[in-house]
Every structure is written in structure tokens, then in C-alpha cells.
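> how would this look folded up:
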Amino acid sequence: MEGLIGYLLIFMAKVSDVSLATIRMIMVVKGKRIHAAVIGFFEVSIWILAVGSVLSNLDDPINVIMYASGFATGNYVGIMIEEKMALGSLVVQVISYKKAEELVTILRDEGYGVTVVEGYGRTGINHLLNVTIQRKQLGRLNQLLDEHDQKAFVTVMDTRAIRGGFFSRLKRK
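Numbers count the residues shown, from 1 in each chain. Here you go, the predicted model:
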């Protein structure tokens, strides 16, 4: 029984360590230094314990398998956590091949701030819609875009910081 608990501890420690590493890297990219530092402290503490346990028992291949399995699972779990957190902001650029004015009205009625830029594309004049949103709002925005024009050209870009502009609370349905 003691061996099984040891294996599970190595596995869970590595899952925790790698999941924290994923979240820490997001904090680094977002410029959240203190959050990244605190997460890094716990991440490395857990890593030292897990590695120490594996290295002190290298003659047991199951320790290595549990460590590697924990690493793989930790990547998966870390990405799932990051998706649920949905931290940060995005700039969504849309070129609709249907009436852009209608789409702008729909988006503004839903509470999105929309900036329209006129440009010239392959087929003539197009309207480029810039919509800055919180990442958590992307699903709803995509739903609205699909309802209006499934063939719209959409690009999504992460933003590091936003200053000024229009950000209202979206209407609740």
C-alpha cells in the first residue's frame, strides 16, 4: 500500500507542478509579476519534492512512469484551467461579407464597443470591425457573428493592456 501511495503522490505532485507552470507563464505574459512569483514559489517547491522522490528511487521504473504521466496530465489540466480562467482581453477583427451596418447595430445593441474602419479589399470596399472584448465573451461574440454571416473573415488577437475606450457591461439575456 505504501508504494501505491508514493506513486500517486509523485503523479499528483507533477500534475500540480506542471499545471501551476502553465498558469505562471500566463501571468508572466500578462505582466502580472507578483502573481507569477507566488505561483513560481509553489511550483518549484512541489517540483523539488517530486524530483527528489523519483531520484531517490531510480531503481523503481514505476516512479519514472508516474512522473512522466503526471507531466503529461499536468499539461492537459493546466490548459483546461487556463481556458476556464479566460484571463485577459482580445481584439476581434471582423470583415463581414453581408451588410456590415446591420452587424455593427447588432453588436452595439448587445453592448459591444465597435470601431468601423473602411478599407479596400480584393472585391472592393470592405468594412473592418474592431471589437475589443474580455476573453470570456468570445463564445457569445462568435455566436452572434455566425448568426449574421458564417462566411465572415474573423481574426482574434490577444492584447496585453488596454487603456481608454468603450467597455460596457454586456446585456444579460
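
> If you count neighbours, what's buried in whatever helix or strand residue 38 lives in?
Assigned by DSSP states H and E, residue 38 belongs to helix 33-55. Using 16 or more other C-beta atoms under 10 Å as the test for burial, helix 33-55 gives 35, 36, 39, 40, 43, 46, 47, 50, 53, 54. For every residue, glycine as well, the C-beta is placed using N, CA and C.

> Surely the third one touches residue 24?
This points to residue 39. Yes. Counting by C-beta atoms under 8 Å, residue 24 is a contact partner of residue 39 at 4.2 Å.

> sorry, back to before: which elements pack onto the helix holding residue 38?
Under the contact criterion of 3 or more C-beta pairs under 8 Å, 6 or more residues apart in numbering; DSSP states H and E, helix 33-55 touches helix 2-29, helix 61-85.

> Apart from its chain neighbours, what residue comes closest to residue 101?
residue 127 (7.9 Å; C-beta to C-beta, 6 or more residues apart in numbering).

> Give me the distance between that neighbour and residue 28.
36 Å (C-beta to C-beta, to the nearest Å).

> Tell me the secondary structure at the nearest residue to residue 161 once chain neighbours are set aside.
Among residues not flanking residue 161 along the chain, residue 31 sits closest, at 7.3 Å (C-beta to C-beta, 6+ apart). Here residue 31 is recorded as coil under DSSP: H, G, I helix; E, B strand; the rest coil.
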